[in-house]
Structure formats: structure tokens, C-alpha cells
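K.L.:
structure of the sequence below:
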Amino acid sequence: MSKDAYFTNKVCVITGAGSGIGRALAENLAARGAKLALSDIDAEGLAQTVASCEKLGAQVKSDRLNVAEREAFLLYADQVKAHFGVVHQVYNNAGIAYHGDVIKTEFKDIERIMDVDFWGVVNGTKAFLPMLIDSGDGHVVNVSSLFGLVTVPGQAAYNSAKFAVRGFTEALYQEMKVAKAPVKVTCVHPGGIKTAVARNATYAEGTDGANAATLFDKYLAIHSPEMAAQTITEGVRKGHSRVLIGWEAKMLDVSVRFLASGYNRISAVVNGRFMPH
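P.N.:
Coordinates of the predicted model:
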């Protein structure tokens, strides 16, 4: 991939850059000529991403960061601004997964998912939004999920966080339009991407997590992180407010719109028949 005038010398912040879509995004943007502020809670994975991006010629600042820790995130944002002088794009990508029926799920499990998957996005958006406005050419990219469009049994906690990301991001999009602020806003909904998210997920007591992860990797993880990153960056370039990744995400989005609330009954029947419970 050659340098890209749209991204060249843009300062791009990416959370969850140690693996999966985050790493692929970092490498994609590095190849396009962007400057990168990369973070992850996994220091080893982050170091591998940094090495690959520097080989592509990118200027990189890397930091270990837990996106759920608000004060640390705010301090991190100030450090990024001090290092680069400006911030143009923020990709709030960090996330974790959990599987378990509501009745088996502890409050702390729901809180953990919300802290990382929702509040991590809010923390990143709030920390960097003033800087994005000041840049005169800002962009917020928040990663939701296919499960921010449809719900399935066993994913109430994850669905809640990802639907919340969608609502937060779409409201922010409208606010930036109303204020005529120089900031674009994009909500990303990946479908089945080949990452370690299912294998690293936590599960409610009594849930066969290994089997669920195997089924996800075998039947649902059908797109590469590189394909996801390419789709996201092209959506950012075009200023799309919503980016759907994968034919299955597009198909289910249309289906939910067409079926309205009727999709709940269909989803319950299909999942009850074919998915482990």
C-alpha cells in the first residue's frame, strides 16, 4: 500500500492496538503515512504492533493503557497531545467479550463489559474530542459490533455495551453536525472477524466457553482483520457515519429493519435450535 494523501501525517490514536482489528488498523494507517499513538493493556502484543508499524515507516508513540481507567485515559490524551502537538483521528477499538445468560451472569460481569466496551469508548471520545475540534479536521471512529445491531441469547451484557456505543456515537454525530464542528463521526459494526476475541472471552459459570469459542472461530469468523481495517479506513476517507463490515452484517442490518420487533422471535427460535445452550 502506498502513501495516501488523506492520511499522510495525520495523527491517529488507536486503542486495543495489540492484536486483531486494532493491529490491522495500525498497520493500514502506517502504510498510508499516518503518525500513530497506539495503546493496549497487552504490552507484549502492543510491542509487536509497534515493530511492524515502524517497519512501515510510521512515527509511533506507544503506551500500555486500560481504557476503563478514566483518569489514566485523560492523562494519556494530554501526553499524546504534548508528543505530537495535534490529534486528528481517534479509533476507540479496545473491547472484550463475555457470554452468559442473564440469570447466570453476576453484576460484576456486566459491569466489567460496560466499563471496557462502553465506558472505554466514552472515555476516549471525551478525552480527545476537544483536541479533534482544535485540529480543524477531526474524526471519531467508535467500534461497536454486529451485536450493536442485533441481539442474541447469551450476549445481553455485550449487546448492552455495543448498543450503547451505537447510541452514543450516533448522538455525537448529530451534535457535531448541529454545532458545525470540524469533526466527523463514524460508528463501526464488524461482523465475524478472525480475531482472538472469542477465545479471550469470559463466560458465566456452567457455560461451555471452549465450545462456544470453537464454534465462533469455525463458522462465524469469516473475515480477516486486514479486510476489516481496509473497510474502516475507506469508510473514514468517505466520511461515512456508519460502516458495516462483512456481508452478514449488512444482511442482518437489512433484516432487522424489515422485520422490526419480529426479529426477536426468529432469533430466539434459530439460536435455540442451532447454538449451544
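K.L.:
for residue 238, what are phi and psi?
P.N.:
The phi and psi values for residue 238, taken as degrees, to the nearest 10, are phi -80, psi 0.
K.L.:
so what's it up against?
P.N.:
Residues in contact with residue 238 (C-beta atoms under 8 Å, 6 or more residues apart in numbering): none are found. (C-beta placed from N, C-alpha, C; glycine too.)
K.L.:
so how far is residue 184 from it?
P.N.:
For residue 238, the distance to residue 184 equals 10 Å [C-beta to C-beta, to the nearest Å].
K.L.:
what does residue 81 give?
P.N.:
Separation of residue 81 from residue 184 (C-beta to C-beta): 19 Å.
K.L.:
likewise for residue 76?
P.N.:
The value you get for residue 76 to residue 184, if C-beta to C-beta is used, is 22 Å.
K.L.:
so these two - more neighbours on which side?
P.N.:
Between residue 76 and residue 184, residue 76 has the larger neighbour count (other C-beta atoms under 10 Å), namely 25 against 20.
K.L.:
wait, a strand at that one?
P.N.:
No - per DSSP: H, G, I helix; E, B strand; the rest coil, residue 76 lies outside any strand segment and is helix.
K.L.:
so for it, what's the nearest residue that isn't a sequence neighbour?
P.N.:
Among residues not flanking residue 76 along the chain, residue 65 sits closest, at 5.5 Å (C-beta to C-beta, 6 or more residues apart in numbering).
K.L.:
that neighbour and residue 14, how far apart?
P.N.:
Distance check for residue 65 against residue 14: by C-beta to C-beta, it reads 11 Å.
K.L.:
and for these two, which residues touch both?
P.N.:
In contact with both residue 65 and residue 14: residue 39, using C-beta under 8 Å, 6+ apart.
K.L.:
these two: which has the busier surroundings?
P.N.:
residue 14 (28 against 24).
K.L.:
could you report the pLDDT at the more buried one?
P.N.:
On the pLDDT scale, residue 14 is placed at 98.
K.L.:
and what of residue 208?
P.N.:
pLDDT, residue 208: 59.
K.L.:
with residue 265 instead?
P.N.:
So residue 265 comes in at 73 (pLDDT).
K.L.:
also the one 4 residues further on?
P.N.:
Looking at residue 269, its pLDDT is 70.
K.L.:
number of nearby residues for it?
P.N.:
So residue 269, with other C-beta under 10 Å, has 10 neighbours.
K.L.:
dump stretch 141-158 to PDB, restricted to CA.
P.N.:
What follows is stretch 141-158, C-alpha atoms only, in PDB (Å, rounded to 0.1, in the frame of the first residue of the first chain):
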ATOM      1  CA  VAL A 141     -14.300   6.300  15.000                       C
ATOM      2  CA  ASN A 142     -16.100   4.200  17.600                       C
ATOM      3  CA  VAL A 143     -16.200   0.400  17.100                       C
ATOM      4  CA  SER A 144     -19.500  -1.200  18.100                       C
ATOM      5  CA  SER A 145     -20.300  -4.600  16.700                       C
ATOM      6  CA  LEU A 146     -22.800  -6.700  14.700                       C
ATOM      7  CA  PHE A 147     -24.200  -7.100  18.200                       C
ATOM      8  CA  GLY A 148     -24.800  -3.400  18.300                       C
ATOM      9  CA  LEU A 149     -27.400  -4.000  15.500                       C
ATOM     10  CA  VAL A 150     -29.000  -7.300  16.600                       C
ATOM     11  CA  THR A 151     -29.300  -9.200  19.900                       C
ATOM     12  CA  VAL A 152     -28.800 -12.900  20.600                       C
ATOM     13  CA  PRO A 153     -29.300 -15.100  23.600                       C
ATOM     14  CA  GLY A 154     -26.300 -15.200  26.000                       C
ATOM     15  CA  GLN A 155     -25.000 -11.800  24.900                       C
ATOM     16  CA  ALA A 156     -27.100  -9.400  27.000                       C
ATOM     17  CA  ALA A 157     -24.000  -7.800  28.600                       C
ATOM     18  CA  TYR A 158     -22.100  -7.400  25.300                       C
END
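K.L.:
average model confidence for stretch 226-241?
P.N.:
Across stretch 226-241, pLDDT averages out at 97.
K.L.:
can you give me how far stretch 83-96 is from the chain middle?
P.N.:
From the chain centre to the centre of stretch 83-96 is a distance of 12 Å (C-alpha atoms, centre = their mean, to the nearest Å).
K.L.:
done for today, thanks.
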